[in-house]
Each structure stands twice: as C-alpha cells, then as structure tokens.
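Enquirer: My questions are about this predicted structure, shown below with the sequence.
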Amino acid sequence: MWAFILRKLLYNIPVYLSIIFLMMLALRVQNPVYAYLGKNPDQQQYDELSRQMGLDDSFPVQYVKFVGKVVTGDFSENSWAQRGRSVKDILVKSIPPSLSVTVPTLFTSVVVSVAIALLSAYYRGRPVDQTLMVLAVLGMSISYLVYIIFGQFFFAGLPAAEGAWTPFAIQGYEPWMPIGPQAEQARLINWVTYCLLPVIIGVVVAMGYDTRFYRAVMVEESSRDYIVTAAAKGASKRKIIFVHMLKNAMIPVITRVMSSLPFLITGSILIEMYFGIPGMGFQLINAITAKDFPVIQSYVALFAAIFILSVILTDVLYALVDPRVRLS
Amino acid sequence: MIRRLLRSRGMVKFRRNRLALFASGVIGLYAAIFVAIIGMEIYDGIAQAVGGEAKFSLREGTRIRVLPRQTPGFLESQTPSERYNDIRWHHQRMERIFDRDLESMDDPWVQAFNELDLAERKLQRAELGEILARWEAFDEAFLVLDDLYLERDDMLDLVGSIRDEIADLRGDLRGAEASEAEEIRGEIAALEEELAPEVEYLAEVEPEFFAQEEIARGALLELMPMPTGWEGVKYGFRTFLGSDVSGRSIACRAFYSIKVAFQIGFVVAGISVLIGTVLGAAGAFYAGWVDAIVMWLVTTLSSVPYLVLLVVLAYMFTGSTLFDNPREYPELQLVKLYTAMGLAFWIGTARVIRGEVMKIKELEYVQAATAIGFGRVYILLRHVVPNTAHIMFINFSLLFIGAIKSEVILSFLGLGVSGQPSWGTMISLAKDDLSNYFFWEIGSASFLLFVLVLAFNIVSDALQDAFDPRHVS
C-alpha cells in the first residue's frame, strides 16, 4: 500500500515540476510588470515590483527559487492589486468559503442522484423511469449559467425587490462572524443566507448528468449473475435492489465521487463569481482581471498540486474500495 | 471511411431512432444557418478585398441600433407609458438633428439625416422643405402629447394615492371599535366623494391621450415610415425579438451567435479528435517509447485543471495586438479559447482511442495484414484507425457540445468571446435587465442554446446506443 503511494508520488514529481516550468514560462511571455502598470510605468515603481518578484533574475534562477518557495509553502510576497495582503493570506482565507459551498453540494448531489437513480432502476422501462430520464436529459441541456441567473433572480432578487420574505441573500458572504453567545446558531443562519441557494443550484445542475450515470450503473449491475441467483432463490425485488445490488453498485459510485474531488476546488468558479463568494475561483479570476501576477502564479502552482494529489488519492481509494483492483 | 461508417450496422440502428433523426434535423437546421452566415461573411470579405462594398455586413448588423432600448419582441404589448416613451425617444433623437442648421448644409442626407437610420427604417426621402414641414407636424403633435401625458400621469398618481388611503382605512375598519368605526366610515365616504370627480376627469383625459398618441405616431410614420417589401421583411426579422439595452437587435445577435458557437465547436472538437486519435492510436499501436511519451503528455496535461490552463493563456495573450484585439481581429481573439480547450479536450479522446486500438491490434485481420507484409503505417491507417471511426464520431459530438457550453461560461467570466456577439456575452449582458422584468435577451439566447444542446444530447445518446452494445439505455 505505502509502496504504491510512494511510487505514485515519485512518478508525479517530475510531472509537477514540468507543469510549473511550463506555467511559469507561459506567465512570462509578456512582461508581468508592464501588464500590471501599463505600457509606460514609473521607473521606480517598475524596479520595485520586479525586484520584489525576482523578475530581474534569469529564468532558471527564478524557476529554482519559485520551486523552493512552493516546497516550503512560503508565499509571503505581497499581492500587487490587493494592497497590504500577502499572497498566503489570500490563499488561506479563500479556502473555507470555497469548501463551505462545494462540500455540501457534492454530498447532497450524490445522495439525491443515487436515490433517484435507484428509483428509476427499480421502475425500469415504466412511466416513472421514462419521465425521470426525460427530465434528466432536459435538465442536462440547460446551461449552468441560466440555472444560476434564474435561480438567483427568482429566489433572491425578485422577493427582495417585491419586499417579500426570502431566506437568501442576493450576494455576498460573511458566515464566519460569531455573534455573542449563540455563535454557532448565527453561523448556521448565516450559512443558510449566503450559501444555501448556491448549494441548491449546484445540486440541481449536477443532478441531470449524475442520475443518468448512476442509473446506468444500477441497470448494468442488475443484469449480473448474482442478481439472477438471488432472484432464482426467491428474494423479493425490493430486497435484491436495496440489499444485494446497492452494495455492489457503490464501487462505481465512489469512483465517480473521487474523480470529482479536484473539482471541489476549481469547479465552483462560476457560482463564486456570481454570488460574490470570495473563494479560490473568485480570487483567481479577480487576480486575472487585475493582472495581479504574484497571486496568479501562486494559485496556478497550488491548483496543480491539489489536482495531482487528489488524482493520487483517487487511485488509492479506488484500490481500497474495489478489491479486484491490484496495486501495481 | 465515412461511407463505411454510414453503412455499418450501428448507423442502420441509429436511423431507426425517430427522435434522434428529428434531433439531427434540428442540428442540420442550425448547421444550415451557420453555413449561410459563413457564406455571407466570405462573400463580403472577397467583395471588400477586391475593393467593392460589403453586401451583407452581418457583424455590423449586430452592432447597429434598430429600436429604442429594451423594446419587447412579438406578442408582448407595451403599456401606454412605454409607448409614450418610445415616441419621446424618437422625438429626442430628431430634435438633435433638426436643431442643426440644415439649410446651409450641402447635403443634409449625408451630413445629418443618416444618423437617424434605424437599420432599414430611414427618413422618408423628400424635398428639404417638405421634411421640415413634417417634422414641425410631428413636433407639435408630440408637445401636445407630452402635456397630456404629464396630466394623465399626475391624475393616475392622485387617484392611486386616494385609493391606497381608502384601502388602508378599510383595513383599520376591520379591527376598530364601534365608536371609531363610525368616524372611519365618515372619512372613507369623504375620500370617495373626493375620488369621484378625479376618476371622471381621468376618464376624459385618457381617451384624449390615446387619440393624441395615434396622431403623434401617424406624424412619426410620415417622417420615418416602416420599410416595406423585402426591406420590411428584413426589418421585421431584426425587430421580432425586441432590442437590448443599447437598442441593438436581439434577433440578429442571437442568430449570429450560432456562427460563433459552431465555429468554436468545430475547431475545438476537430483539433481535439484529430490530436487525440493520432496520439492515442500511435501510442497503442507502436507501444514502447512512443506510448511512454503519449502517456507522459496525457498525465501532465490532465494534471492542470482546464480552467487554470485557460486563465494562464488568457493572461499570456492580454495586450497582444493580434490575439487580444477584439475590435480588429475578433477571430484571432478566439485563439486562446481554441488552444485551452484543445489542450484539455484531446486527452479523453486519446485515452478511449488508445484502449480501442490496443484491442484491435490483436485481432486476426491485423495479424493477417502483417503476415501479408503490409507496412506498419499502412496497417495503422488502413485497418486500425477506420475501425475506431464510431468512437471518433461520438467523441466529436460530445466535445462539440462541451466546447459550446464552456464558451458560454467563459464568456460570462470575461475570458471568452469578445468583439462579436455570442450566447455567453448575451446572457451575461442580459442578467442586469432581469430587474426590469425584461426577459427577451436572456430568453432568446438561452432558448437557442438549449435547443441545440438538447438535440446534441439526444443524438449522442442514440449514437452510443447504436454503436456500443454495452451501453445501457
């Protein structure tokens, strides 16, 4: 087991180094300082910024220095656009908002989708199943953007404009402000205000594709020999589906959940931008708009690292849940 | 290869699926529009290159003003005050032109009047004196209308506020005691007495206002008649979905976006399937170091989140005079989208093709071909790759729609299309109109997008059903 993990890690180190190399090259195609300050910057300001980021060194030196920084987790340089904040501060503070939306979204969408898929597989070929699948295809065909815009408008924007009551805020995010003795309660209420609507929208968007995928898994599983055996022995249909089949169908389900782990980090950029939740995607897009080079470079390195780690984790967990997969 | 694919058993099965055939028809319709738009653009390009004038100038058509801002499309009728605002809008534009010293101009048509053009709807050609007379008539009619409108507006406000007051008092009445109730009833009666003459007066003003509105509209039509004939059809097309926040035609923008979407879909899906097939097939077929390189590329590129890749490319191209200059080169501006999506999307195809080729190369007919003595490259191209055609086909349809959907999201984030309309830019512009309950722009863009994506989903489902016996439906 450990040997497997170690081997995976070792294999991915050159991959990561080459990614960083390519990304750093790409980010330096045009002079980052000029991009930020405009074509005719103040000489003093220019020198200061390029010295701060070490841009006056040769590229190999910059590469080695940056890799060193990534390895030691030292992102102490200051952001250009957000005055007085270090890159590390921005990075660390953007993680909780992202997770407070994506984790509930992932969890809920898996539970709901698997439930609907089971229902659909149970009634396979009958009107219930057909209706659900038509709905899934229709839901899949609507753009993410349309869900977000209309969801926000009808559940937050419109009630606010009409003076009706709504539990949701139109935009913004400030859940981590403990208020008095009922700190926990306040947090929950704040979470509902700012994050519940984005979570619901995320679940609805994910459901179209997920239900179809999970239903296919269930249906495929239901034609296996052990199901036929159980049926021949006289087990009821309900028992076959919920006891025998569900357990075995969990393997592909878990695989799929694992493979969507990296998107926990990057996946909700659109939601974050639209609802003004200052998560990682939000900060990255804002840094691009403001040409904030230190932040962009660090985010790229961080995203790639998280991505690789979660891919390794997926492989390992996959091997753990499915005994047929050998660690080789 | 294509002919063999069309005659294969899967295709026969596909053709039996009526819904999928219908969906293919819908896609065909979109494709026809795409081809037509591209054709017209190429015609214009050639005409301009040889020094002639552009005949269609479609992209220009998506930028010009055709109506007052945020006019609703067909079926939705406007409220009286919206109709008044439209007339006022026309009046204001004309006032600016007619205030100038038209008589001293050499050619007022070129120097002033063409500013009034609303696409095909233009000022009626006539002698200058005649036009000035018509303008006088319209101006006069409008001033009367303006007074009537203000009067009517005041009356409506007054009547509304009295009615509100009465409603409030009625509310109080319900919870009031007997002694107070009497008092409140008295108040209500007084208010109602006050209301009666106002309502009567409003009933007099209202028809007068509507009649005057007809007169002003008539005068306006004298000055700027609706185009007739072919021009009228064109103008009708421009206006049937209403106008956006700067008065541009929603219909033109929404249909022009088909071209942008298909362009992105074709280029991205084409590049990805091509690279994916070549690398995947080569890796599987030659094994050894070729496979090692392909797999290294696959792992490296799949370790970069696609959005991050795009963000880096967008940063790389900012400020470039060629690739970040939407006004001059809107097509080159899309290069960063093509590159990012192409780099991200070929990986999936390469993996599937690699798996399939691994299977195919062990089959008897490949061994037979080797035994006969055909070259490796010949076998790969003649016997192996054609048998993955259905995978290429399915992947193409999936990637095509994936690219279009991503374009919409990226344009919204400001990383996608600019300099020409696209569904993404339309939706992101339209999101601010929702608070005015104006749904035409977002509705048109997302409806066209929805129909296309739905058709593609149905077709690619049917393709998978037909070609992959293991696929569960």
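Expert: Thanks, I have the structure now.

Enquirer: can you list the domain ranges for chain B.
Expert: For chain B, automatic domain parsing gives the domain ranges B:2-44+B:249-467, B:80-239.

Enquirer: Just the pLDDT at the closest residue to B:Gln78 other than its chain neighbours, thanks.
Expert: Computed as CB to CB, 6 or more residues apart in numbering or on different chains, the closest residue to B:Gln78 that is not its neighbour in sequence is B:Pro72, at 6.7 Å. Backbone N, C-alpha and C define where each C-beta goes, glycine included. At B:Pro72, the model reports a pLDDT of 84.

Enquirer: show me what contacts B:Pro72?
Expert: Residues near B:Pro72 by CB atoms under 8 Å, 6 or more residues apart in numbering or on different chains: B:Gln78, B:Gly242, B:Phe438, B:Trp440.

Enquirer: Residue 76: neighbour count?
Expert: If you meant another chain, say so; for now it's chain A. Residues near A:Ser76, counting by other CB atoms under 10 Å in any protein chain shown, number 10.

Enquirer: could you do chain B instead?
Expert: As a burial measure, B:Glu76 scores 11 neighbours (other CB under 10 Å).

Enquirer: and it, backbone torsions?
Expert: B:Glu76 adopts backbone torsions of phi -90, psi 120, taken as degrees, to the nearest 10.

Enquirer: Which pLDDT value goes with it?
Expert: For B:Glu76, pLDDT reads 74.

Enquirer: picking that back up, out of the domains of chain B, which comes closest to A:Arg85?
Expert: domain B:2-44+B:249-467 (19.8 Å; CB to CB).

Enquirer: coming back round to it: go through the contacts of B:Pro72 and say which is closest to chain A.
Expert: Using CB to the nearest CB, B:Phe438 comes nearest to chain A of those, at 11.6 Å.

Enquirer: For chain A, see how far away the nearest residue to that closest one once chain neighbours are set aside is.
Expert: Leaving aside its chain neighbours, B:Phe438 sits nearest to B:Gln70 (5.1 Å; criterion: CB to CB, 6+ apart). According to CB to the nearest CB, to the nearest Å, B:Gln70 stands 16 Å off from chain A.

Enquirer: residues near B:Gln70, how many?
Expert: Neighbour number of B:Gln70 under other CB under 10 Å is 18.

Enquirer: Settle this for me: it is touching B:Asn436, isn't it.
Expert: Yes. Counting by CB atoms under 8 Å, B:Asn436 is a contact partner of B:Gln70 at 6.7 Å.

Enquirer: if we can go back for a sec, next, the residue nearest to B:Gln78: secondary structure please.
Expert: coil (DSSP: H, G, I helix; E, B strand; the rest coil).

Enquirer: Quickly find the element holding the closest residue to A:Asp57 other than its chain neighbours.
Expert: Nearest residue to A:Asp57, sequence neighbours excluded (CB to CB, 6+ apart): A:Lys65, at 7.3 Å. If you go by DSSP states H and E, A:Lys65 is part of helix A:59-72.

Enquirer: Next secondary structure element downstream of that helix?
Expert: Scanning forward in sequence from helix A:59-72 by DSSP H and E, the next helix or strand is helix A:87-122.

Enquirer: how big is the angle separating that next one from helix A:59-72?
Expert: Interaxial angle of helix A:87-122 relative to helix A:59-72 (axes from the mean of the first three to the mean of the last three CA atoms, to 10 degrees): 70 degrees.

Enquirer: hmm, helix A:87-122 touching chain B?
Expert: No. Using CB under 8 Å from any CB of the partner chain, helix A:87-122 never reaches chain B; the gap is at least 9.8 Å.

Enquirer: How about residues contacting stretch A:250-267?
Expert: Stretch A:250-267 is contacted by residues A:98-99, A:102-103, A:106, A:110, A:114, A:210, A:213-214, A:217, A:280-281, A:303, A:306-307, A:310-311, A:313-314, A:317-318, A:321-322, B:305, B:307-308 when judged by CB under 8 Å, 6+ apart.

Enquirer: Among the residues you listed, name the ones in helices.
Expert: Per DSSP state H, helices hold the following members of these: A:98-99, A:102-103, A:106, A:110, A:114, A:210, A:213-214, A:217, A:280-281, A:303, A:306-307, A:310-311, A:313-314, A:317-318, A:321, B:307-308.

Enquirer: buried set for whichever strand or helix holds A:Pro252?
Expert: Here A:Pro252, judged by DSSP H and E, is contained in helix A:246-259. Going by neighbour count (16 or more other CB atoms under 10 Å in any protein chain shown), the buried part of helix A:246-259 is A:Leu246, A:Ala249, A:Met250, A:Ile251, A:Pro252, A:Val253, A:Ile254, A:Thr255, A:Val257, A:Met258.

Enquirer: again, but for stretch B:30-40
Expert: Using 16+ other CB under 10 Å as the test for burial, stretch B:30-40 gives B:Tyr30, B:Ile33, B:Phe34, B:Ile37, B:Met40.

Enquirer: Between all of those, which two are at the greatest distance?
Expert: B:Tyr30 and B:Met40 (16.0 Å).

Enquirer: so what secondary structure elements neighbour the helix holding A:Lys65?
Expert: helix A:2-27, helix A:293-321 (3 or more CB pairs under 8 Å, 6 or more residues apart in numbering or on different chains; DSSP states H and E).

Enquirer: where in the chain is pLDDT low?
Expert: In the absence of a named chain, chain A is used. For chain A, the stretches with pLDDT under 70 are A:174-188, A:264-267, A:322-328.

Enquirer: My question was about chain B, not that one.
Expert: Chain B contains residues with pLDDT under 70 at B:1, B:319, B:469-473.
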